[in-house]
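Visitor: return atomic coordinates for the entry below.
(2 chains)
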Amino acid sequence: MEIVNKPQKRRPRIFSAEARVAYICLIPAFLGLIFLTYLPLLGVLGISLTNWTGLKSPEFIGFDNYVKIFTTDPYIKDSIIATIYFAILSVIGSMIYSLFIALLLNRKIPARGFFRAVFYVPYVLPAAAIYVGWSWLYEGNFGFFNYLLSELGLNKILFIADSSYVVPSLSLISVWLAGNLIVIFLAGLQNVPVVYHEAAEMDGANGWQRFCHITLPCMTPIIFYNLLMSLIANLQVVTPALALTNGGPGNSSRFMTYLMYDQAFVNYKLGYACATTFIIFAILAGFTAILFKTSNKWIYNEGGDDK
Amino acid sequence: MKTGRKLGVGLVSAALVMSVVGCGNNGNNETSNTNTASPGTDATEAPATSSSKTEKVKIIYSMWGSAEEGSTTQAVADKFNASQDRIEVEVQAIPWESYMTKLNTLATADQLPDTGMLKEDGVIQWSSQGMLNDVSSMYEGSDSQPLESLAYKYQGKTVAYAAANEILLLYYNKDMFDKANVPYPPSVLDQAWTWDEFVETAKKLTIDKKGKHPGEDGFNSQSIVQYGASVENLPWQLETWTLSNGGGFYSNDGVEVRVGEDASIDAIQKVADLYLKDHVAPLSVGQTDDGIQRTIIAGTVAMATNGAWNVGTSLNTAKEAGLNYGVAVLPYMKDKVTLNTSGANVVFSQTKHPEEAMEWLKWYNSEENNWALISSGIWMPTLEKWYTDETLTHKWVDNPNFPSYDEYKSAVVDYAQSSAARPASWFFTNNTTEFNTLLGSVLGDVWTGKTTAKDAISKNLDALKAAHTGNQ
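Guide: Predicted structure coming up:
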């Protein structure tokens, strides 16, 4: 104990052998980050200030692309709304769903391993196959869900063909796909100290009280991690638009990443697409910042605040 | 402090990027100089061809397709290479999904092939940026020309010929017609159905669970088990109906936007009403390009409109599996119209050997060299003689991949060279991709009846016009 508490002489850490090794080991990662992330990002910013189409040489046009995006672009507003709507539905849906499933799978139920696999499987299936499968379920005329509805004597629902249903329908798929969140929640649940539960039980707390006052607070760091990952992934959504809806009907599923893809690789307006990319980047950064800002208000750190 | 450092780093790197972009500019300026020089290279061309007497001129031809398809085409090119001693053609196959992206990259790097295929909606755009050569002289003095409707024109000049021909047709399920005891749709243009006749027939073929038809007492549109008709509503195919109703997407020269005219709007509304009011069509929101699979092949719809390529891409296998289908001409509103279309074969302006490139294209485009695609029913020939000379038509159509000869001859071969066949607008109009994407998005809520074609198009007419000028 004494040794640990002794104030040590501080040498500038950069000169210590240990630090040097650490920096050397970090170089490849840094190089990767710089050349594969930061420089391309700056490149995107540079190209976004040009009218590059890939054919003619680019001309510098200042902020024209950004002005166009915010004034005359017929898609961007719908696109941002659709993306945020989708992300909120999917994040909330998949968080609740996966926490609920994780709680169930954390109990001592028969064939637990089997059920854990069952809920994880959607996550590892190939995306294209998943969406084709769901498109058969959702199809507006003869799809399986509509077959069930008409057998029940109900009116058909145009799941992905109706602009008001398409985002909730696609979010449902994304919730169903949240197997990775379940796995992480499960790992978190297994780390909730049993002693707390035992103590609370002795004090007469019921299951719900124990969940609210023990499980949830202990899980907040995991919830934060899952929330962040899920939010970023869902704001970058593009596969359902590419595989199922082509952004439609109307602009109702023209998610931002799809819009960017369309501008860059269908219309070949690369400068314009880069400007859109930067706006997506800003929105993502904004949401992430909000999440981080609010995080210390609700995250419970067992070891105290050690930032 | 932290932000200050970040800002500094940012500025330095931004400067770096700008200088890189700057270099790119210079590089490209040089290439564009050579580009502008190339149309007038006739003088430099002469020595090149004369020296090629001893050494063959090498031409690279790019196509979309798998490596396997590439080697099939290379085998055809090898025949050409062996047939003369001046030109050596090398085929470059690029997968369809990345084809245009790859070509864009090659164009930027000034490394385009000499000649190649180009997607239909890219031809005029590439041409407007000076990337394509004038090919009007390609068929000078030839005994058979491509059909007039298959030439891509930019500012009056022919900048490409279609690699194949395709037209839009009406496919129908004969068994469904026989069962309902309804006469087949006409395969002869003179007897083409009016839109109302088409809708009336479709009603007879639409059946709900209790066997009732639309318009009858007790008919329930929520429990339809078989639909009468489906009109493909992908934006580019909708142009057919606007033209047929006396409107159009654009004026004949491709300059003005006409989709806002009443005739055009009414035509689009009529297509939407097949589902909304007439209850004869399944809902389709123009999202995916698999109309025939969803309708005729799925066995849920009696009649469906779509392109001639379906004969070879999907209907031939369905026919083997027992589908009894026929082909007919499209119904019409005021004028009889079908659209011609096909991807193009172009000569890139970066080439140093435009003459040789054209010679190869002319040879390659002759039907014998694309026989696999033509005899399977995917492509239709481009040269007029296949349509006018019946021995050639027999050679083309008389095989098990096709519906019966008489039907196909009249509903496809004769139809394609009739006055009803008009080139799709991308043969002469720029920015059709952007226009069609926007139109598709504008019409999204029209198909489900949440809004009308009138409201949707009027509200977005300015944006559509801007998209047409490439300026949205």
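Visitor: tell me the first helix or strand C-terminal of the helix or strand bottoming out on mean pLDDT in chain A.
Guide: When each helix and strand of chain A is scored by mean pLDDT, DSSP states H and E, helix A:2-5 comes last, with a mean of 50. Of the helices and strands lying after helix A:2-5 in sequence (DSSP states H and E), the nearest is helix A:17-33.
Visitor: after that next one comes which helix or strand?
Guide: Toward the C-terminal end, the helix or strand that comes next after helix A:17-33 (DSSP H and E) is helix A:39-47.
Visitor: for the helix or strand that that following helix is followed by, C-alpha coordinates in PDB please.
Guide: Counting by DSSP H and E, the next helix or strand C-terminal to helix A:39-47 is helix A:64-71. Output of helix A:64-71 as PDB, limited to C-alpha atoms (Å, rounded to 0.1, in the frame of the first residue of the first chain):
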ATOM      1  CA  ASP A  64     -22.800  26.500 -54.800                       C
ATOM      2  CA  ASN A  65     -23.500  22.800 -54.100                       C
ATOM      3  CA  TYR A  66     -24.400  23.500 -50.500                       C
ATOM      4  CA  VAL A  67     -26.600  26.500 -51.500                       C
ATOM      5  CA  LYS A  68     -28.300  24.300 -54.100                       C
ATOM      6  CA  ILE A  69     -28.900  21.500 -51.500                       C
ATOM      7  CA  PHE A  70     -30.600  23.900 -49.100                       C
ATOM      8  CA  THR A  71     -32.600  25.800 -51.700                       C
END
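Visitor: which other helices and strands contact helix A:64-71?
Guide: If contacts are counted by 3 or more Cβ pairs under 8 Å, 6 or more residues apart in numbering or on different chains; DSSP states H and E, helix A:64-71 sits against helix A:270-298. (C-beta placed from N, C-alpha, C; glycine too.)
Visitor: which ones are touching residue 283?
Guide: No chain was given, so I picked chain A. By Cβ atoms under 8 Å, 6 or more residues apart in numbering or on different chains, the contact list for residue A:283 reads A:80, A:83, A:84, A:235, A:256.
Visitor: my question was about chain B
Guide: Applying Cβ under 8 Å, 6+ apart, we find residue B:283 in contact with A:140, A:141, A:158, A:161, B:275, B:447, B:448.
Visitor: now do the same end-to-end measure for stretch B:115-133.
Guide: Counting by Cα to Cα, to the nearest Å, you get 10 Å between the two ends of stretch B:115-133.
Visitor: residue boundaries of the helices in the stretch 301-450 of chain B?
Guide: Along the stretch 301-450 of chain B, the stretches classed as helices by DSSP state H, counting those that start in this stretch are B:310, B:316-320, B:354-364, B:371-375, B:385-388, B:390-397, B:405-408, B:415-416, B:432-442, B:444-447.
Visitor: among the ones you listed, which comes closest to chain A?
Guide: Set against chain A and scored by Cβ to the nearest Cβ, the helices of the stretch 301-450 of chain B come closest in helix B:444-447, at 2.9 Å.
Visitor: any idea how far that closest one is from the middle of the chain?
Guide: A distance of 23 Å separates the centroid of the chain from that of helix B:444-447, by Cα atoms, centre = their mean, to the nearest Å.
Visitor: can you check stretch A:279-287 too?
Guide: How far stretch A:279-287 lies from its chain's middle: 13 Å, per Cα atoms, centre = their mean.
Visitor: buried ones in it?
Guide: A:279, A:280, A:283, A:284, A:287 (16 or more other Cβ atoms under 10 Å in any protein chain shown).
Visitor: residue A:251 falls within a strand, correct?
Guide: No - read with DSSP: H, G, I helix; E, B strand; the rest coil, residue A:251 is coil and lies in no strand.
Visitor: hmm, residue B:440 and it touching each other?
Guide: No - Residue A:251 is beyond contact range of residue B:440, at 10.0 Å (criterion: Cβ atoms under 8 Å).
Visitor: one step back: among the contacts of residue A:283, which ones are in helices?
Guide: A:80, A:83, A:84, A:235, A:256 (DSSP state H).
Visitor: from residue B:156, how far off is the last one?
Guide: In this view, residue A:256 and residue B:156 are 41 Å apart by Cβ to Cβ, to the nearest Å.
Visitor: the more surrounded of those two?
Guide: More crowded of residue A:256 and residue B:156, by other Cβ atoms under 10 Å in any protein chain shown: residue A:256, with 26 against 8.
Visitor: distance of the more buried one from residue A:77?
Guide: 11 Å.
Visitor: low pLDDT regions in the chain?
Guide: I went with chain A, as the question did not name one. A:1-15, A:302-307 (pLDDT under 70).
Visitor: let's do chain B instead
Guide: For chain B, the ranges with pLDDT under 70 are B:1-54, B:287, B:471-472.
Visitor: nearest to chain B: which residue in the stretch 101-250 of chain A?
Guide: Counting by Cβ to the nearest Cβ, the stretch 101-250 of chain A gets nearest chain B through residue A:250, at 2.9 Å.
Visitor: OK, contacts around that residue?
Guide: If you count contacts by Cβ under 8 Å, 6+ apart, residue A:250 has them with A:78, A:163, B:441, B:442, B:443, B:444, B:445.
Visitor: tell me the residues of the stretch 251-400 of chain B that contact chain A?
Guide: B:282, B:283, B:284, B:285, B:286, B:287, B:288, B:298, B:300 (Cβ under 8 Å from any Cβ of the partner chain).
Visitor: starting at the chain centroid, how far to stretch B:268-280?
Guide: In terms of Cα atoms, centre = their mean, the centre of stretch B:268-280 is set 25 Å apart from its chain centre.
Visitor: what lies in contact with that stretch?
Guide: With contacts defined as Cβ under 8 Å, 6+ apart, stretch B:268-280 is touched by B:195, B:199, B:202-203, B:205-206, B:214, B:219, B:221, B:224, B:227-231, B:233, B:238, B:241-242, B:245, B:281-284, B:333, B:443, B:446-447, B:449, B:452-454, B:457.
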